[in-house]
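**Q** For reference, the sequence and a predicted model appear below.
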Amino acid sequence: MASESVETPSNGGSLADRVSNPAAPADAPPSADAPQNATGDSDLHEPDYSVEVKLSDLQADPNNPLYSIKSFEDLGLDERILKGLSDMGFRKPSKVQERALPLLMSNPPKNLVGQSQSGTGKTAAFVLNVLSRLDLSTEELQQTPQALILAPTRELARQIVGVVQVMGQFLEGLVIGTAVPADASSRPSRLTCSVVVGTPGTVQDLVKKRIMNPSQLKVLVLDEADNMLDQQGLGDQCIRVKGMLPRTIQVVLFSATFPAHVHRYATKFAPDANEITLQHEELTVDGIKQLYMDCANDEEKYSNLVQLYGLLTVGSSIIFVKTRNSAVEIEKRMVAEGHTVASLTGGIEGSQRDAIIDAFRTGAAKVLITTNVLARGIDVSTVSLVVNYDIPEAYVGGSRSREPDYQTYLHRIGRTGRFGRIGVAISFVSNREEWDMLRKIQEHFECNIERVETNDWDEVEDLIKRTLKNSRAQANFVAT
Ligand SMILES: Nc1ncnc2c1ncn2[C@@H]1O[C@H](COP(=O)(O)OP(=O)(O)OP(=O)(O)O)[C@@H](O)[C@H]1O
């Protein structure tokens, strides 16, 4: 199986090197002080070899989140569902699927709080349980909601609808309803479907207006559960929706992250739940190479992005910025300079948002500038590069320093490196505060964020292309 090939050592120092440098002046951009050895390379660099591994090899490695010993057949799934899985090219379950499915599908049903790294197949885990629990034996049952899946954004809800559709394609009588914000005129008077996937606000509204009948619901799933429960608006809506559902409903919460304060709350929302929990150091995904670039100021962030543009189109890329305004500004400026980019923010109207994300999925648009609205859950396997144009920040009441948003960092970079693929995540750092935030992120996840020199773009290109060349699309995987 594994054959070794040599990967040249990384250029530039890691953030760990920088942090350990006592000489770093308080307000200098990080580039000024990277400690280097005589050859100009850091002493602490990434392992300088790569190992070619196929997906089947990853799934045979007990330390990999895609590992499993069982087959989907062993998990007791219905023949028609197995056919759907096989149609999707799923050969073996991932670790979270193998562990979650027996817990989810056992009877009497028990609640579950499940955590697993980004891109490791949590969607299939909850969708398979939902499909397995449906009774589609009569037309009336087919048209009465039996499972409800909630997601924080319309894009994620629509994506989950797609997964339910394909996975359940051989289940006769399966009807799926999408409950996302829409014109009142295009709303049905009654939601006649077996599975509803939607955003909490719209679902709450549909139940209140008696468009959706919740009385026969057996399963409630919250995807990105920590995010939904932690946000004031969304959290309240989730609680209200749950309050309108049968008390015996099976509650299933999934996310790649469950920070301690939300976890406590999650276990109240899903009482007596079985739990699948990750160790702290297991949070990052090995296949995602994390880099950072020093930028002297905002203008240099922009010029570095434009320099990167040629590389961005190797696959598809997502550029994360802090505000809707910056997304629009950067898009306008790049388009005016002849680049093809699109932007998607919460400020855009629903159907237009659908058109943009659909164009991104098909590859018609390859570079997408967005805000945290797309930080979570979006699964586009061709995304090979994520750029944190702005480091994600958390609002910490009373804090005078800018604090990183650890969870959002993890979810953002997790838009690449899906299911064992290779991806690159580059964070731009333009001042001391941003550098401090990135340093905290690195310490928090005990990961290595390596510096990329921007004075030699050929070298940058080489580094990124070398990393991406090892993509699993070519059956390779870089071991880190
Ligand atoms: N058993 C499997 N075999 C092959 N591919 C799979 C399997 N399970 C999931 N996938 C694929 O892996 C990709 C990532 O899955 P999914 O979107 O469910 O990840 P996730 O864990 O929900 O990630 P996130 O935390 O980012 O939401 C998808 O494209 C999915 O089709």
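**A** Looks like it arrived, so ask away.
**Q** Close to the ligand: what parts of the protein are there?
**A** With Cβ under 6 Å from any ligand atom as the criterion, the chain meets the ligand at residues 90, 92-94, 97, 116, 118-124, 256, 377, 379, 381, 414, 418-419. Where C-beta positions appear, they are placed from N, C-alpha and C, glycine not excepted.
**Q** For PyMOL, what selects the buried ones among the residues you listed?
**A** This is how PyMOL selects the buried members of the residues of the chain next to the ligand, with burial counted by 16 or more other Cβ atoms under 10 Å:
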select buried, resi 90+92+93+94+97+116+118+119+120+121+122+123+124+256+377+379+381+414+418+419
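**Q** So which of the residues of the chain next to the ligand sit within helices?
**A** Judged by DSSP state H, the residues of the chain next to the ligand include 97, 122-124 as members of helices.
**Q** Neighbours of His339, how many?
**A** 16 (other Cβ atoms under 10 Å).
**Q** what phi and what psi does the backbone show at it?
**A** Dihedral pair for His339: phi -90, psi 150, per degrees, to the nearest 10.
**Q** just use 144 as the starting number from now, easier for me
**A** Sure, I'll start numbering at 144, so the last one becomes His482.
**Q** okay but it is in contact with Tyr452, surely?
**A** Yes. With contact defined as Cβ atoms under 8 Å, His482 reaches Tyr452; the gap is 5.5 Å.
**Q** what sits in contact with each of these two?
**A** Common contacts of His482 and Tyr452 (Cβ atoms under 8 Å, 6 or more residues apart in numbering): Val510.
**Q** which ones are touching Arg297?
**A** Arg297 touches 323-324, 342, 493, 496-497, counting by Cβ under 8 Å, 6+ apart.
**Q** Between all of those residues, which two are at the greatest distance?
**A** Farthest-apart pair in these is Thr342 and Asp497; separation 13.4 Å (Cβ to Cβ).
**Q** quick one, which of those two is more surrounded?
**A** Shown here are Thr342 and Asp497; by other Cβ under 10 Å, Thr342 has more neighbours (23 against 16).
**Q** My guess is the more buried one contacts Val304. True?
**A** No. Thr342 lies out of contact with Val304 (Cβ under 8 Å); the separation is 11.8 Å.
**Q** Glu283: helix or strand, and which one exactly?
**A** Taking DSSP states H and E as the definition, one finds Glu283 inside helix 282-285.
**Q** Setting aside sequence neighbours, what's the nearest residue to the closest residue to the ligand within the stretch 294-443 of the chain?
**A** Relative to the ligand, the nearest point of the stretch 294-443 of the chain is Ala399 (3.9 Å; Cβ to the nearest ligand atom). Once flanking residues are discounted, Ala399 sits nearest to Ser261: 4.5 Å by Cβ to Cβ, 6 or more residues apart in numbering.
**Q** which residues does the nearest residue to Gly376 once chain neighbours are set aside contact?
**A** Closest residue to Gly376 apart from its sequence neighbours, by Cβ to Cβ, 6+ apart: Gly344 at 7.6 Å. Listed by Cβ under 8 Å, 6+ apart, the contact partners of Gly344 are 324, 376-377, 380.
**Q** so Tyr408 touches Gln374, yeah?
**A** No. With contacts counted by Cβ under 8 Å, Tyr408 stays clear of Gln374, the gap being 11.8 Å.
**Q** Return the distance of Ala203 relative to Lys197.
**A** Computed with Cβ to Cβ, to the nearest Å, the distance linking Ala203 and Lys197 is 9 Å.
**Q** same question, Lys352
**A** Separation of Lys352 from Lys197 (Cβ to Cβ): 51 Å.
**Q** These two: which is more packed in?
**A** Applying other Cβ under 10 Å to Lys352 and Lys197 shows that Lys197 carries more neighbours, namely 15 against 11.
**Q** And that one, what's its pLDDT?
**A** Looking at Lys197, its pLDDT reads 74.
**Q** show me what contacts the residue of the stretch 294-443 of the chain closest to the ligand?
**A** Contacts of Ala399 by Cβ under 8 Å, 6+ apart are 258-261, 265, 426, 553-554, 557.
**Q** Where does confidence bottom out across the residues you listed?
**A** The member of the contacts of Ala399 with the lowest pLDDT is Leu426, and it reads 86.
**Q** Report the contact partners of that one.
**A** 260, 399-400, 553, 588.
**Q** Also Val239?
**A** By Cβ under 8 Å, 6+ apart, the contact set of Val239 is 208, 257, 259, 263-265, 268, 419.
**Q** Which positions in stretch 306-324 come out as buried?
**A** For stretch 306-324, by 16+ other Cβ under 10 Å, it's 306-307, 310-311, 314, 317-323.
**Q** For Glu472, grab phi and psi.
**A** Taking degrees, to the nearest 10 as the convention, Glu472 sits at phi -60, psi -50.
**Q** tally of neighbours for it?
**A** Neighbours of Glu472 under the rule other Cβ under 10 Å: 15.
**Q** what's the answer for Thr410, then?
**A** Around Thr410 there are 16 residues (other Cβ under 10 Å).
**Q** In a strand, Tyr435, correct?
**A** Yes. The assignment for Tyr435, made by DSSP: H, G, I helix; E, B strand; the rest coil, places it in a strand.
**Q** Would you map the helices across the stretch 344-493 of the chain?
**A** 368-373, 375-386, 403-412, 441-455, 467-479, 493-505 (DSSP state H, counting those that start in this stretch).
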